[in-house]
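Enquirer: One predicted model, sequence on top.
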Amino acid sequence: MKRLLSTFALAGALGLAAAGAQAAKLDQVKAKGFIQCGVSQGLPGFSSPDDKGNWTGLDVDFCRAVAAAVFNDATKVKFTPLSAKDRFTALQSGDIDILSRNTTWTISRDTSLGLNFTGVTYYDGQGFIIRKDKKVNSALELSGASVCTQTGTTTEQNVADFFRANNMQYEVIAFATADEAVKAYDAGRCDVFTTDRSGLAAERLKLTNPDDHIVLPEIISKEPLGPVVSHGDDQWFDIVKWVLFAQVNAEELGVTSKNIDEMLKSANPEVKRLVGTEGKFGEGLGLGNEWVVQIVKLVGNYGEMYDRNVGPDTPLKLARGTNALWTKGGLQYAPPIR
Amino acid sequence: MADWVEPAPARGRTSFMNDPKVRSIVLQVVALVLVVILGWMFIDNARENLAAQKIATGFGFLENTAGFGISQTLIGYSETSSYGRAFLVGILNTLLVAVIGIFFATVIGFLVGIGRLSKNFVIRLISTCYVELLRNLPPLFQILFWYLAVLSAMPNPRQSISIFGEAFISNRGIVIPRPLFGEGTGLVLLTFGFAVLATVLVNAWARQRREETGRGFPMLWIGLGLIVGLPLVAMIATGFPITFEKPELKGFNFVGGMRVIPEFVALTVGLSTYTAAFIAENVRAGITSVSHGQTEAAHSLGLRSGLTMRLVVIPQALRVIIPPLTSQYLNLTKNSSLAVAIGYPDLVAVFAGTTLNQTGQAIEIIAITMGVYLVISIITSVIMNAYNKRVALVER
């Protein structure tokens, strides 16, 4: 229903709107006073509501960071839970300002959907989870298996590719939401459940006996997950892109939410440019010069955001791995602020 | 007043707009032109905006490789097939659920509807409970119940319930032997076709004789004898060309045989039991609408209760039953789109779900999908309306 509504909204928006210039996204957002952020329907660690209805997670925190940069108030965000298949339509129709929903960056999505990926908040790869009592140690032993997955994801195609490439038989059952796919897997309908490995760690917590299941070692795909914005507003694209870069740069320079006030007095030129005591980089984005200070103070740098939501001390227990800074052997690397 | 003379209407002097016929045609043409212009502006503007945002448009995507798997395909399909092929697979899966669901919904609906009017208290109570329980719960909830509650009670393939070692029931569905057609199958099928044709002809003859002379004919037994007996003789003559491939447990799943997937079972059971509750009420309304005098008259002619129901009451009740029954058939067909919740690959799941997401062409795909449902619904309506005309009261 929601998808149909957004499709109509999309058709309506595209059909009725006069072709031509619209007000800049930043001005629209400032006028309405909050950012509308598309998130998942509940993926622990990335975006899920707690028992009081507050959204938490890495993807949620990223939207809060953008709000912190724009409004100096990390709470000025409204969240729209979206299923995998509804997410792009919601962004195209303008229902949401940012899509921050563990979304894989691919060329077809970047070029044919009228969207722009702004960066990578989490480097992921697809894996499988299986019951221990099936005594399977490798994804290559899965010939003939039934596979549960969520529809409207890159996962569905990766599974097809993996089994075809390895000449194995399989049966895929694709569900509208991850919740239903996990329930069906838990009920024994499928031998394996597949999604991004971070997702596996999160969904595993929803199983009846999480310890009866193991994640197989193979990573069958590249899944760079990141925020997405609509085509056509370069300023907004730049802001969303640079919020993440600022968070990564802050971690690299050791600027955290705890020491940000001392860092304002730092003599290090790189830190000075980051926190806005030298240069006017925030104004170039259409924001205040304090933008990074606001982000780091209210949400934290990339490492803080990671540790708080998915790190080793959370139920997900995900090591930094590929998501460590480039200086520590990982892939997180941001262009410099200068 | 009396000397007031009405002037003769002068031809061509009054405005043609005062002629109601001309006026209505002109207004309709103007309205039509406006609608067409508006529609065209809408489409043109949408196309321009899509191009401006660099969102792909057009129907070329139907020829691109789909690259995803589908768990139930009635026609040949693989990951290398096109989106167009996946679209066909989705339509057929939707139609399969619709046709089989409509069949069971009708059968259950008629039984329960008649049961609601039974003189037997227990049957009446059970039928009433059935109707009130099933029609008052949301269909999605019922389908999820059939899928998750029943599925988790089923054993895994290794401990599946065996039916004489031929068929197996597990949480992977129902596996039955698959018929393999050897040499001579053609002859058997030909005999079968012949038997069906013969049955139809004999039936027509028997009906005519009954109407002329009033004599009955054991049509059921003769028909069964023809349809089962003749192909059997042909089978024996050709040395049993049709063999069966038995399903075998290999690795994770059964290999060989034919499999009915649990998603299909849950969806069909959920939809047909839900819709049957509504049909039962239509049937009850139809039967109640037939005046009791008809039953009394039939009884006084010496017809037994069963025959009274079948020959006197039901034919008259059908006039009331058919129109709302059509709506229920349409509802069932459209409700089959709830399939996406339990992973059954129907049109919405395969086409408006996976395909839409991979291609991102929301407007085209939703339009096509709506068109398909519209066509299916209109065809159903046309068939049911034709049937309705046949059973309608013929005024002489």
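Expert: Yep, that arrived.
Enquirer: Quick check, central residue of chain A?
Expert: Nearest to the geometric centre of chain A sits residue A:102, at 3.4 Å (Cα atoms, centre = their mean).
Enquirer: Now do the SS call for residue A:188.
Expert: When classified by DSSP: H, G, I helix; E, B strand; the rest coil, residue A:188 comes out as coil.
Enquirer: And the pLDDT for it?
Expert: pLDDT, residue A:188: 88.
Enquirer: repeat for residue A:35
Expert: Per-residue pLDDT puts residue A:35 at 96.
Enquirer: Quickly note the distance from the closest residue in space to the residue nearest to the centre of chain A that isn't next to it in sequence to chain B.
Expert: In space, and not counting its chain neighbours, residue A:102 is closest to residue A:225: 4.6 Å by Cβ to Cβ, 6 or more residues apart in numbering or on different chains. Yep, even glycine has a C-beta here, placed from its N, CA and C like the rest. Taken as Cβ to the nearest Cβ, to the nearest Å, the spacing of residue A:225 relative to chain B amounts to 16 Å.
Enquirer: Is residue A:225 in a helix, a strand, or coil?
Expert: Quick answer, by three-state DSSP: residue A:225 is strand.
Enquirer: element containing residue 90?
Expert: You didn't say which chain, so I picked chain A. Element membership for residue A:90 (DSSP states H and E) is helix A:87-92.
Enquirer: if you could check chain B rather than the one you did, that'd help
Expert: Using DSSP H and E, residue B:90 maps to helix B:83-116.
Enquirer: next helix or strand past that helix?
Expert: Next along the chain after helix B:83-116, taking DSSP H and E as the criterion, comes helix B:121-135.
Enquirer: Could you check the angle that next one makes with helix B:83-116?
Expert: 150 degrees (axes from the mean of the first three to the mean of the last three Cα atoms, to 10 degrees).
Enquirer: CA-only coordinates of helix B:121-135 in PDB, if you can.
Expert: C-alpha atoms of helix B:121-135 as PDB (Å, rounded to 0.1, in the frame of the first residue of the first chain):
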ATOM      1  CA  PHE B 121     -28.200 -27.700  15.100                       C
ATOM      2  CA  VAL B 122     -24.600 -28.900  15.200                       C
ATOM      3  CA  ILE B 123     -24.100 -28.300  11.400                       C
ATOM      4  CA  ARG B 124     -25.700 -24.900  11.700                       C
ATOM      5  CA  LEU B 125     -23.600 -23.900  14.700                       C
ATOM      6  CA  ILE B 126     -20.300 -25.000  13.000                       C
ATOM      7  CA  SER B 127     -21.200 -23.200   9.800                       C
ATOM      8  CA  THR B 128     -22.100 -20.000  11.800                       C
ATOM      9  CA  CYS B 129     -18.800 -20.200  13.700                       C
ATOM     10  CA  TYR B 130     -16.900 -20.700  10.500                       C
ATOM     11  CA  VAL B 131     -18.400 -17.600   8.800                       C
ATOM     12  CA  GLU B 132     -18.200 -15.300  11.800                       C
ATOM     13  CA  LEU B 133     -14.600 -16.300  12.600                       C
ATOM     14  CA  LEU B 134     -13.100 -16.300   9.200                       C
ATOM     15  CA  ARG B 135     -14.800 -13.200   7.700                       C
END
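Enquirer: What average pLDDT does the helix or strand just after that helix get?
Expert: As assigned by DSSP H and E, the chain's next helix or strand after helix B:121-135 is helix B:139-144. The average pLDDT within helix B:139-144 is 93.
Enquirer: elements contacting helix B:139-144?
Expert: Under the contact definition 3 or more Cβ pairs under 8 Å, 6 or more residues apart in numbering or on different chains; DSSP states H and E, helix B:139-144 sits against helix B:262-289.
Enquirer: which of the residues in the helix holding residue B:90 are buried?
Expert: Of all the residues in helix B:83-116, those buried under the rule 16 or more other Cβ atoms under 10 Å in any protein chain shown are B:83-98, B:101-102, B:104-106, B:108-116.
Enquirer: Report the mean per-residue pLDDT for it.
Expert: What helix B:83-116 shows for mean pLDDT is 94.
Enquirer: and the angle from that helix to helix B:262-289?
Expert: Using the same axes, to 10 degrees: helix B:83-116 against helix B:262-289 is 40 degrees.
Enquirer: for stretch B:244-262, which positions count as buried?
Expert: B:246, B:247, B:252, B:253, B:254, B:257, B:259, B:261, B:262.
Enquirer: just checking, the first one touches residue B:254?
Expert: No: the criterion here is Cβ atoms under 8 Å, and residue B:246 misses it with residue B:254 at 9.7 Å.
Enquirer: can you list residues touching both of the two?
Expert: Shared contacts of residue B:246 and residue B:254 (Cβ atoms under 8 Å, 6 or more residues apart in numbering or on different chains): none.
Enquirer: List the buried residues of the longest helix along chain A.
Expert: Counting by DSSP state H, the longest helix found in chain A is helix A:234-252. For helix A:234-252, the neighbour count (16+ other Cβ under 10 Å) marks A:236-252 as buried.
Enquirer: Show me what from the stretch 101-250 of chain B comes close to chain A.
Expert: The interface of the stretch 101-250 of chain B toward chain A, taken as Cβ under 8 Å from any Cβ of the partner chain, is made up of B:147, B:148, B:151, B:152, B:154, B:156, B:171, B:172, B:250.
Enquirer: quick one, what contacts residue A:268?
Expert: Residues near residue A:268 by Cβ under 8 Å, 6+ apart: residue A:253.
Enquirer: show me where the stretch 151-300 of chain B has strands.
Expert: Counting by DSSP state E, counting those that start in this stretch, the stretch 151-300 of chain B has strands at residues B:161-163, B:167-170, B:173-176, B:178-181, B:242-245, B:248-250, B:253-255, B:258-260.
Enquirer: Would you reformat these as JSON lines and include mean pLDDT?
Expert: Listed next are those as JSON lines, based on pLDDT from 0 to 100:
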{"stretch": "strand B:161-163", "mean pLDDT": "81"}
{"stretch": "strand B:167-170", "mean pLDDT": "84"}
{"stretch": "strand B:173-176", "mean pLDDT": "85"}
{"stretch": "strand B:178-181", "mean pLDDT": "77"}
{"stretch": "strand B:242-245", "mean pLDDT": "76"}
{"stretch": "strand B:248-250", "mean pLDDT": "78"}
{"stretch": "strand B:253-255", "mean pLDDT": "79"}
{"stretch": "strand B:258-260", "mean pLDDT": "85"}
